[in-house]
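Engineer: fold the following and give me the result.
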Amino acid sequence: MVRLFLFLVFAVALAWGVVWVADHPGQMSLVWGGWRIDTSAGVLGVALIAFAVTVALLYRFWLFLTRAPGRIGLAFKERRSQKGYKALTKGMVAVAAGDAEEAKRQVGKADSLLNAPPLTLLLKAQAAQLGGDEHAAETFFTAMLDDAEMEFLGLRGLLNQAMKRGDDIAALQLAHRAQALNPKSAWLAETVFQLEARAGSWLGADEALKRVGKLADLSPRELNHRRAVALLGQSVENQKKGDADAAVKLAQKALNEDPALVMASVHLARLLIAAGNARKAKDVIEKAWALQPLPDLLALYFEASKAADGMKKVTAAQTLLGLNANAPYSHIAMAAAALEAQLWGQARTHLEAALETAQQQGGPQRTAMTLMARLEEEDRGDKDAGRLWLARAAAAPADPAWVCGHCGHVDTQWAPHCPKCKTFDTLVWKTPPGAKAQELLAAQA
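Structural biologist: This next block holds a predicted model:
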């Protein structure tokens, strides 16, 4: 609307100007070099306009002639770049599809068409990795470090290579260097934490975990649990250094972060017993037993209770049974103590309860059957019944053990990392699968 209005105003002004010049033609004379030209002002104006238009056209034509080679070169370069980017795209698709030969062919084409080596370095490295040439991939990733915009990608590639070949020291150095370039990367924060923990640098892992908490989408419960494991690791480190007080404080902090981390209770109880604080050790074990009864806790409880004979062990086991009456290990603890005290009736009652709950919950059937065999022989002198129970024990599922939730490895001892796949905090106390149970039996033999 505004443009239409302005056009109408201009048209009216132009018409008025033409009419005014026609009404006032005037006279103009030009004398130059023996020539005299007499004309009106209107004709002179038209002549000047025609001259200006001619000059403008000639100037535009001259610009066209002078710029034509450059434009032709630019068009050729643009077409070449388009082909190069197309080859780059096809190369990335080939990498994603796992076609190493096509990826190499396309990266070669893109490299010859594009005058931007850093742009093709990543694709070269990925194509080399796809073809199994890790040395060439490392060369390309290293070359990327010389370009500020590609440095982070180069570090990430080298970091992944180091982790793949199990070089945790080099991986941690590369991870810290990459983190300096991109401190807000959640993936990198998690990687630094995992590497610090795997290296046994628990103080560094605890620091890295703070960054993970800010960047990663983890629940408060998961963060507290991870911090508890890191604090437990620091406690073990201080114990090895001979600083028992620091070890106790750190173990207590670990339990405060995650009371369900039973191995922190086991560690703290050992420290307290060694320090002569049996009463507090018993309190720690009782709280842990109420959450998750474990054989390690039972042995420590007997030690803290100074239960050297069968009757004292029965008294201690009764306390644990009262804390968690539905757990198979509570009944097994009572049965084992009763057997030692030669309380055959109590032993049989609790072994039957242990077998019933173990079958329902997937608990230690093998241990209960072995104790039942001992009971038959010691109480009734029935060796045939004892052998029958031992045969049933051999055929029963393996007792619970520490099973890696990542690779399925079975172990008798808990550790912050799976001994086989090195994954952080994946060992869970449960009944191993059939094949894994045989591995455990072989390891125990």
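Engineer: how about the strands in this structure?
Structural biologist: 28-32, 35-39, 401-404, 410-411, 427-430 (DSSP state E).
Engineer: and the chain, what are its domains?
Structural biologist: 307-396, 400-445 (automatic domain parsing).
Engineer: and the shortest one, average pLDDT?
Structural biologist: So that's domain 400-445. The predicted model assigns domain 400-445 a mean pLDDT of 80.
Engineer: from residue 310, how far off is residue 134?
Structural biologist: Residue 134 sits 62 Å away from residue 310, going by CB to CB, to the nearest Å. No exception for glycine: its C-beta is placed from N, CA and C like everyone else's.
Engineer: thinking again about what came up before, among the domains of the chain, which is the most enclosed?
Structural biologist: A comparison of the domains of the chain by mean neighbour count, using mean count of other CB atoms under 10 Å, puts domain 307-396 on top with a mean of 19.
Engineer: would you confirm that residue 255 contacts residue 265?
Structural biologist: Yes - the pair residue 255 / residue 265 is scored as a contact, 6.4 Å apart, by CB atoms under 8 Å.
Engineer: neighbour count for those two, which is higher?
Structural biologist: Comparing residue 255 with residue 265 by other CB atoms under 10 Å, the one with more neighbours is residue 265, at 27 against 21.
Engineer: look at the nearest residue to the more buried one once chain neighbours are set aside and report its pLDDT.
Structural biologist: Leaving aside its sequence neighbours, residue 265 sits nearest to residue 288 (CB to CB, 6 or more residues apart in numbering; 3.5 Å). Residue 288 carries a pLDDT score of 96 in this model.
Engineer: which residues touch residue 288?
Structural biologist: Going by CB atoms under 8 Å, 6 or more residues apart in numbering, residue 288 touches 262, 265, 266, 269, 294, 297.
Engineer: overlap in contacts, residue 255 and residue 265.
Structural biologist: Here residue 255 and residue 265 share the contacting residues residue 284, scored by CB under 8 Å, 6+ apart.
Engineer: tell me the phi and psi of residue 412?
Structural biologist: Main-chain torsions, residue 412, degrees, to the nearest 10: phi -90, psi -10.
Engineer: I'd guessed it sits against residue 402; true?
Structural biologist: Yes - under the criterion of CB under 8 Å, residue 412 makes contact with residue 402 at 7.0 Å.
Engineer: the nearest residue to residue 319 once chain neighbours are set aside and residue 324: what is the separation?
Structural biologist: The spatial neighbour of residue 319 that comes closest, neighbours along the chain excluded (CB to CB, 6+ apart), is residue 286 at 7.1 Å. Distance, residue 286 to residue 324, by CB to CB: 10 Å.
Engineer: kindly report the same for residue 219.
Structural biologist: Distance from residue 219 to residue 324, by CB to CB: 27 Å.
Engineer: now do residue 292
Structural biologist: 9 Å.
Engineer: cool, and residue 217?
Structural biologist: On the measure of CB to CB, residue 217 and residue 324 end up 35 Å apart.
Engineer: how about residue 417?
Structural biologist: With CB to CB as the criterion, residue 417 and residue 324 are 29 Å apart.
Engineer: equivalent analysis for residue 177, please.
Structural biologist: Applying CB to CB to residue 177 and residue 324 gives a distance of 50 Å.
Engineer: ditto for residue 174
Structural biologist: Where residue 324 is concerned, residue 174 sits at a distance of 47 Å (CB to CB).
Engineer: and if you look at residue 295?
Structural biologist: On the measure of CB to CB, residue 295 and residue 324 end up 14 Å apart.
Engineer: got the contact list for the residue lying closest to residue 274 once chain neighbours are set aside?
Structural biologist: Excluding the flanking residues, the one nearest residue 274 by CB to CB, 6+ apart is residue 244, at 7.2 Å. By CB under 8 Å, 6+ apart, the residues touching residue 244 are 238, 271, 274, 275.
Engineer: among these, which ones are buried?
Structural biologist: 238, 271 (16 or more other CB atoms under 10 Å).
Engineer: just the contacts of residue 244 now: which is nearest residue 381?
Structural biologist: residue 274 (42.1 Å; CB to CB).
Engineer: quick check: the closest one vs residue 413, distance?
Structural biologist: Residue 274 is 19 Å from residue 413, by CB to CB.
Engineer: and the closest residue to residue 363 other than its chain neighbours, what pLDDT?
Structural biologist: Once flanking residues are discounted, residue 363 sits nearest to residue 328: 3.5 Å by CB to CB, 6+ apart. Predicted confidence (pLDDT) at residue 328: the value is 94.
Engineer: swap in the one 10 residues further on?
Structural biologist: Turning to residue 338, the model gives it a pLDDT of 95.
Engineer: contacts only, for it.
Structural biologist: Residue 338 neighbours (CB under 8 Å, 6+ apart): 310, 314, 317, 344, 346, 347, 350.
Engineer: the closest residue to residue 218 other than its chain neighbours and residue 191, how far apart?
Structural biologist: Distance criterion CB to CB, 6+ apart; nearest residue to residue 218, sequence neighbours excluded, is residue 212 at 6.8 Å. For residue 212, the distance to residue 191 equals 10 Å [CB to CB].
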